[in-house]
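S.K.: fold the stuff below for me.
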Amino acid sequence: MLPTYLLSLREGLEAALIIGIVLGALAKIRRTDLAPAVWLGTLSAVGVSILTAGLLTAFGLSLEETSEQIFEGVTMLLAAGILTWMIFWMGKQARFLKGELEDGVNKAASSTGTRAVFGLAFLAVVREGVELALFVTAAFFVGDKAEVSNNVTQTLAGTILGLGTAVLLGYTIFATTVRLDLRRFFQVTGLLLILFAAGLVAHGVHEFNEVGLIPPVIEHIWDVNALLDENSIAGLLMKTLFGYNGNPSLTEMIAYFAYLATILFLWRRENTVPSRATVESRA
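M.R.: Next up is the predicted model:
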């Protein structure tokens, strides 16, 4: 549940900031009559995102044996790649987010009005939603495959709690005098999500080991299940959060540490360079 909570919190807060900026820009140019189009675009994007998550999960569950493992491996590696891109994109583009959105709102309001504002809100939010759908699907398949109903419950609970927290934070930022240090927030959550993405990479390679697409080289380089069983409560938590495997293959561990070392190096370099990049917390 914790991974989906963090993913939903981050993606939900980004979406909440986008909606707040767009509504604030409309208020500035005195076109609050277009606000319903923003909410309609947002709700449509949420609907598309839920449908995407449902279809991906249902498709994965409908597969069996080799096809299922290949689907899960591809989904996990794709989710890890997009998650990594999202973390670095937000760090670099955050400073321009408000200006670009306000410029888009001004152009939309002066052109086709309702349809343009609807499209702006829909496209801005659906990107976050579809990304979250892919991440949630990957997190779902990381869990114990024998506990499908339990996985569904935990995934839904984490997603709902994360989005709910994001809505509260977004409202606090735009409706009160409280200012959240968004740059620090995205740095902390970004670091946690890098660890989660490393786990997805390892799980993806593990699935490909199972079907023979990537050779394990050494099938089990160690086995510490006697100390921390990967199927225990603590083991499953570590598995979904950080990609823990009590008896990993050599290529699984190479992929995990190679990804982690590369991304953490780039992450540290990105965050130690003097920068005034901040997300404007007010419209």
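S.K.: quick one: the helices in this protein?
M.R.: 2-28, 35-62, 65-110, 114-142, 148-175, 182-211, 233-242, 250-272 (DSSP state H).
S.K.: give the contact list for residue 267.
M.R.: Residues in contact with residue 267 (C-beta atoms under 8 Å, 6 or more residues apart in numbering) are 87-88, 190-191, 194. All C-beta spots, glycine's among them, are computed from the backbone N, C-alpha and C.
S.K.: cool, and residue 229?
M.R.: Residue 229 touches 235, 246, counting by C-beta under 8 Å, 6+ apart.
S.K.: please report how far it lies from residue 82.
M.R.: Residue 229 is 31 Å from residue 82, where distance means C-beta to C-beta, to the nearest Å.
S.K.: and for residue 245, the neighbour number?
M.R.: The number of residues packed near residue 245 is 22, by other C-beta atoms under 10 Å.
S.K.: residue 206 is in contact with that one, correct?
M.R.: Yes - applying C-beta atoms under 8 Å, one finds residue 245 in contact with residue 206, separated by 6.7 Å.
S.K.: identify the contacts common to the two.
M.R.: Contact criterion C-beta under 8 Å, 6+ apart; residues shared by residue 245 and residue 206: residue 252.
S.K.: just the pLDDT for the residue lying farthest from the centre of the chain.
M.R.: No residue in the chain sits farther from the centre than residue 30, which is 34.0 Å out by C-alpha atoms, centre = their mean. Residue 30 is assigned 82 on the pLDDT scale.
S.K.: phi and psi next, for it.
M.R.: Dihedral pair for residue 30: phi 60, psi 50, per degrees, to the nearest 10.
S.K.: I'd like to know how far the nearest residue to residue 167 once chain neighbours are set aside sits from residue 209.
M.R.: Excluding its sequence neighbours, the residue lying closest to residue 167 (C-beta to C-beta, 6 or more residues apart in numbering) is residue 16, at 6.2 Å. The gap separating residue 16 from residue 209 is 40 Å, by C-beta to C-beta.
S.K.: how many other residues sit next to the closest residue to residue 259 other than its chain neighbours?
M.R.: Excluding its sequence neighbours, the residue lying closest to residue 259 (C-beta to C-beta, 6+ apart) is residue 201, at 4.7 Å. Using other C-beta under 10 Å, residue 201 has 24 other residues around it.
S.K.: shouldn't residue 201 be in contact with residue 256?
M.R.: Yes - counting by C-beta under 8 Å, residue 201 does reach residue 256; the two are 6.2 Å apart.
S.K.: quick one, grab the pLDDT at residue 224.
M.R.: Confidence at residue 224, expressed as pLDDT, is 90.
S.K.: now residue 90, nearest residue through space, not along the chain?
M.R.: residue 186 is the one closest to residue 90 (C-beta to C-beta, 6+ apart), at 5.6 Å.
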